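Enquirer: Pasting the sequence and the predicted model now:
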Amino acid sequence: MKRKVPFALVILGLIILGLCLVVFARGDPTEEFIISLVKSRNRDISDGEAREIAKSSLKWCQARGLSLWSVIAIMEQESNFYAEAISPTECRGLMQLSEVALQELLRQGYIPSYDLGRILEIDYNISLGTAYYLFCVRLANNDRREAIARYYMTSKPEDPDAQKYADGVLAKRAIIVREFEEFQETRR
């Protein structure tokens, strides 16, 4: 003998299933925030590029124990999230890496090798850029301001230009942190 399930119970089950799908479809809120941030700062970027920047930033910051918001702020300051940015001084990619910086990373043992032909690839650039920032953080004994100044000018963090750079990055970082807090509030 078949039992009939009350119609209201079926509807309730479907509603619960739909809510679960919505919650799980939203994805990682930090990743979604970074995608939104990148797209708001660089209107020309594709969804795929913004997602790759978010995923790579999360992956490499976690792997290297770095402040995600500091790295994102450096990236915004350096390239405004343009993956193919090349400066007049030949710094390249999202994190504006110079060959001199890469050679120093190699010499210090932070990376086993590098390939300039891949430097504009999003994940590759972020992996090298976070290795360089880690080098700067260690030189600065975990002092965020000094580490950011060293990212700009490794040997002279006290230089007025390096200090101005650090001010700009730290201001961007503060804005990003505030925007992330607001983003989290809207998700509750």
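Expert: Done, it's in. Residues are numbered from 1 along each chain as shown.
Enquirer: distance of the nearest residue to Val38 once chain neighbours are set aside from Asp143?
Expert: Counting by C-beta to C-beta, 6 or more residues apart in numbering, Ala50 is the residue found nearest to Val38 once chain neighbours are left out, at 4.4 Å. Where C-beta positions appear, they are placed from N, C-alpha and C, glycine not excepted. Counting by C-beta to C-beta, to the nearest Å, the separation of Ala50 from Asp143 is 31 Å.
Enquirer: Among those two, which residue is more densely surrounded?
Expert: Each of Ala50 and Asp143 has its neighbours counted (other C-beta atoms under 10 Å); Ala50 has more, 22 against 14.
Enquirer: Now the more buried one: phi and psi?
Expert: Recorded main-chain torsions at Ala50 are phi -60, psi -40, according to degrees, to the nearest 10.
Enquirer: My guess is it contacts Lys39. True?
Expert: Yes - with contact defined as C-beta atoms under 8 Å, Ala50 and Lys39 form a contacting pair (5.1 Å).
Enquirer: Distance of Leu97 relative to Ile35?
Expert: Counting by C-beta to C-beta, the separation of Leu97 from Ile35 is 23 Å.
Enquirer: Tell me what the closest residue in space to Ile86 that isn't next to it in sequence is bridged to.
Expert: Across the structure, with C-beta to C-beta, 6+ apart as the measure, the residue nearest Ile86 apart from its sequence neighbours is Arg92 (5.3 Å). The residues listed as beta-bridge partners of Arg92 by DSSP bridges are Ile86, Leu97.
Enquirer: Relative to Glu104, how far out is Arg92?
Expert: With distances defined as C-beta to C-beta, the gap from Arg92 to Glu104 amounts to 15 Å.
Enquirer: Looking only at neighbour counts, state which of those two leads.
Expert: Arg92 (21 against 16).
Enquirer: contacting residues around that one?
Expert: Contacts for Arg92 were tallied using C-beta atoms under 8 Å, 6 or more residues apart in numbering; they are 85-86, 98, 116, 119-120, 125.
Enquirer: farthest pair in these?
Expert: Of all pairs drawn from the contacts of Arg92, the one with the longest distance (C-beta to C-beta) is Ala85 and Leu116, at 14.9 Å.
Enquirer: Show me the shaky parts of the protein.
Expert: Counting by pLDDT under 70, the chain contains low-confidence residues at 1-26.
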